[in-house]
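>>> here you go, sequence then predicted model.
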Amino acid sequence: MPDASAEPSVAALRRFSRFYTRQLGLLDEGLLDSGFTLTEMRVLYELAHRDGLAAADLVRELALDAGYLSRVLRRFQTQGLIERGTHSGDARRSTLAFTAKGRRTFARIDKAANTQAAALVSHLDAGAQAELRAALAAVERLMTPGAKAGPEPIVLRGLQVGDIGLIASRQGQLYAQEYGWDETFEALVAEVAARFVQKFDPKWERCWVAEQGGRVVGSVFVVRKSPRVAQLRLLYVDPVARGQGLGARLVDECLRFARAKGYRSMMLWTNAGLDAARRLYEARGFVLQKEERHRSFGKNLVGQFWTLKL
């Protein structure tokens, strides 16, 4: 029989496993100075994030030996971390839940784990952190048996350090490739985004950044034009994320936010020829108010002002 350890993928996976366990201290007797083993920590995590769990659920989903899990749970009960109850839909089914002490204990461990993870990536800049997230997502997808092919879910989050440069660079590239606009458009995006950060008013303004597989694939900004008028700015969707409804999702987030804040209307400025964006705006009731010709970004363009009563 051939030596499986000689296979490149096997060797690479085992090498990464040794690196990973050393980095996170997974071989320590008590992780994060908590006094709990890796298995115990994972059981605590599941209890913290899911309601109505039974021991049988943990055995099945974590592939644990039933006898070993039983000993772990008895220890947790003795320490006053968990309590057993009866399932609301099945009196024969015993459920597990944290006590107040258990919740405090897990909160302390969870904070320590976040601090450790933050320290491990603190030397990486925003671009490198995005690369790391994409790589980790790829490993998870490839190592999941029977995982469905298809795009990763898109997550919307707030603005983070490094996003301004990424957004300006990517929009500059896309508009150069798709419309032939020059570098002055990238400069405008950077200027608008920088002004948003410098004068940001969290009560009235918001930014959404879209991530897919750890990669930034879109964004949009809402800024305060006046006490009654919100302005939608810098909407874009990367080609890799198109066809998934992201543009509509970003615009809808802006509208929900503006309505919740009590704005009376929303306006935006765009240019003729950006048909995908125009269709999004028209579908939500935006009305074209006026057009004006101008010379910008190395092109003769027709600027458009759109408004929507909220």
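The structure has been received and is ready for your questions.
>>> CA atoms for contacts and neighbours, from now on please.
OK.
>>> check contacts around the one residue sitting closest to the centre of the chain.
Nearest to the mean C-alpha position of the chain, counting by C-alpha atoms, centre = their mean, stands residue 155 at 4.0 Å. Residues counted as contacts of residue 155 (C-alpha atoms under 8 Å, 6 or more residues apart in numbering) are 210-212.
>>> can you show me the helices along this structure?
Listed in chain order, the helices found in the chain under DSSP state H are 8-23, 38-49, 55-62, 66-78, 100-121, 126-142, 163-179, 183-198, 246-261, 275-283.
>>> which of the residues in the second one are buried?
Meaning helix 38-49. Neighbour-count burial for helix 38-49, with 16 or more other C-alpha atoms under 10 Å as criterion, is recorded at 38, 40-41, 43-44, 47-48.
>>> sorry, back to before: from the contacts of residue 155, which single one is nearest residue 241?
Using C-alpha to C-alpha, residue 212 comes nearest to residue 241 of the contacts of residue 155, at 7.9 Å.
>>> and that closest one, how far is that from residue 286?
Taking C-alpha to C-alpha, to the nearest Å as the measure, residue 212 falls 28 Å from residue 286.
>>> avg pLDDT for stretch 298-309?
Confidence for stretch 298-309, expressed as mean pLDDT, is 94.
>>> now do stretch 226-237
Per-residue pLDDT over stretch 226-237 has a mean of 94.
>>> what's that stretch in contact with?
For stretch 226-237, the external contacting residues (C-alpha under 8 Å, 6+ apart) are 171, 189, 217-225, 246-247, 250, 254, 258, 262-269.
>>> give me the buried entries from these.
If you count burial by 16+ other C-alpha under 10 Å, the buried members of the contacts of stretch 226-237 come out as 171, 189, 217-224, 246-247, 250, 254, 258, 263, 265-268.
>>> name the nearest of the buried residues of helix 38-49 relative to residue 68.
Closest approach between the buried residues of helix 38-49 and residue 68, by C-alpha to C-alpha: residue 40, at 10.4 Å.
>>> so what's that closest one closest to, chain neighbours aside?
In space, not counting the residues next to it along the chain, residue 40 is nearest to residue 72; the distance is 6.8 Å by C-alpha to C-alpha, 6 or more residues apart in numbering.
>>> and that neighbour, how far from residue 81?
Counting by C-alpha to C-alpha, the gap from residue 72 to residue 81 is 11 Å.
>>> ok, these two, which is more surrounded?
Per other C-alpha atoms under 10 Å, whichever of residue 72 and residue 81 has more neighbours is residue 81, with 21 against 15.
>>> need the contact list for the nearest residue to that one once chain neighbours are set aside.
Nearest residue to residue 81 in three dimensions, chain neighbours excluded: residue 102, at 3.9 Å (C-alpha to C-alpha, 6+ apart). Listed by C-alpha under 8 Å, 6+ apart, the contact partners of residue 102 are 80-82.
>>> can I get these in a markdown table with distance to residue 166 and pLDDT?
Converted to a markdown table, the contacts of residue 102 look like this (distance: C-alpha to C-alpha, whole Å; pLDDT from 0 to 100):
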| residue | distance to residue 166 | pLDDT |
| --- | --- | --- |
| 80 | 48 | 93 |
| 81 | 45 | 91 |
| 82 | 45 | 89 |
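>>> narrow those to those in strands?
Among these, the residues falling in strands (DSSP state E) are residue 82.
>>> how about TSV for the contacts of residue 102, with distance to residue 123 added?
TSV is the format used below for the contacts of residue 102 (distance: C-alpha to C-alpha, whole Å):
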residue	distance to residue 123
80	39
81	36
82	38
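>>> which one of the contacts of residue 102 sits closest to residue 34?
The shortest approach to residue 34 among the contacts of residue 102 belongs to residue 81, at 13.6 Å (C-alpha to C-alpha).
>>> contacts only, for that closest one.
Applying C-alpha under 8 Å, 6+ apart, the residues near residue 81 are 98-103, 105.
>>> now with 6 Å, please.
98-99, 101-102 (C-alpha atoms under 6 Å, 6 or more residues apart in numbering).
>>> if any of those residues are buried, give me the PyMOL selection for them.
Buried residues within the contacts of residue 81, by 16+ other C-alpha under 10 Å, are selected in PyMOL with:
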select buried, resi 98+102
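>>> and stretch 187-196, C-alpha only, in CSV?
Output of stretch 187-196 as CSV, limited to C-alpha atoms (Å, rounded to 0.1, in the frame of the first residue of the first chain):
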residue,chain,number,x,y,z
ALA,A,187,-9.9,60.5,-6.7
LEU,A,188,-13.5,61.7,-6.4
VAL,A,189,-14.5,58.4,-4.7
ALA,A,190,-11.6,58.7,-2.2
GLU,A,191,-12.5,62.3,-1.5
VAL,A,192,-16.2,61.6,-0.9
ALA,A,193,-15.4,58.6,1.3
ALA,A,194,-12.7,60.5,3.3
ARG,A,195,-15.1,63.4,3.9
PHE,A,196,-17.7,60.9,5.1
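>>> good, wrapping up.
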